[in-house]
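# Provided below for reference: sequence and predicted model.
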Amino acid sequence: QVQLVESGGGLVQPGGSLRLSCAASGFTLDLYAIAWFRQAPGKEREGISCFSSSDGATYYAESVKGRFTISRGNAKNTVYLQMNNLKSEDTAVYYCATGWGFIAHTWFLSTQYDFWGQGTQVTVSS
């Protein structure tokens, strides 16, 4: 049974940092991609980053490029999202997702992911 569990969210001041974790179970990440999405109140779910385990490629939305870093942990079945220089507009529920058929050039589309975590809240506020 595929399961994804996010952790690491919380309240942080503008300019601060957080590291989110996505722990996967029920499958190995070696051949699959893990993506991070976020959804703010009243807004659509936004793809912000993706890690392709098969080739190590990483992808970022323009809104987070240069501030967020996605990586795979030493535990191999964990993917991290290091978030630096956080802004109020980063406030959202953050989800990780994976799926059986990964298409790199549309990594940001939520429709290509079959499995989702429950989400973790990130609030950036002074």
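Yes, it's here.

# Would you mind measuring from the spatially most central residue of the chain to Lys87?
The residue lying closest to the centre of the chain (C-alpha atoms, centre = their mean) is Trp36, at 2.1 Å. According to C-beta to C-beta, to the nearest Å, Trp36 and Lys87 sit 16 Å apart. Using the backbone N, CA and C atoms, a C-beta is placed for each residue, glycine as well.

# ok, now Pro41?
Going from Pro41 to Lys87 by C-beta to C-beta gives 16 Å.

# How about Ser125?
As judged by C-beta to C-beta, Ser125 and Lys87 stand 10 Å apart.

# So which residues of this protein form helices?
Under the criterion DSSP state H, the chain carries no helices.

# Any regions of it where pLDDT drops low?
For the chain, no stretch is flagged by pLDDT under 70.

# ok, 90 please
Applying pLDDT under 90 to the chain flags residues 1-2, 25-32, 53-55, 73-77, 99-103.

# Strands of that one, start to end?
3-7, 10-12, 18-25, 33-39, 46-52, 58-60, 68-72, 78-83, 92-98, 115-116, 120-124 (DSSP state E).

# for these, which one sits closest to Leu109?
Closest approach to Leu109 among the strands of the chain (C-beta to C-beta): strand 46-52, 6.8 Å.

# Which strands and helices lie in contact with that closest one?
Under the contact definition 3 or more C-beta pairs under 8 Å, 6 or more residues apart in numbering; DSSP states H and E, strand 46-52 sits against strand 33-39, strand 58-60, strand 68-72, strand 78-83.
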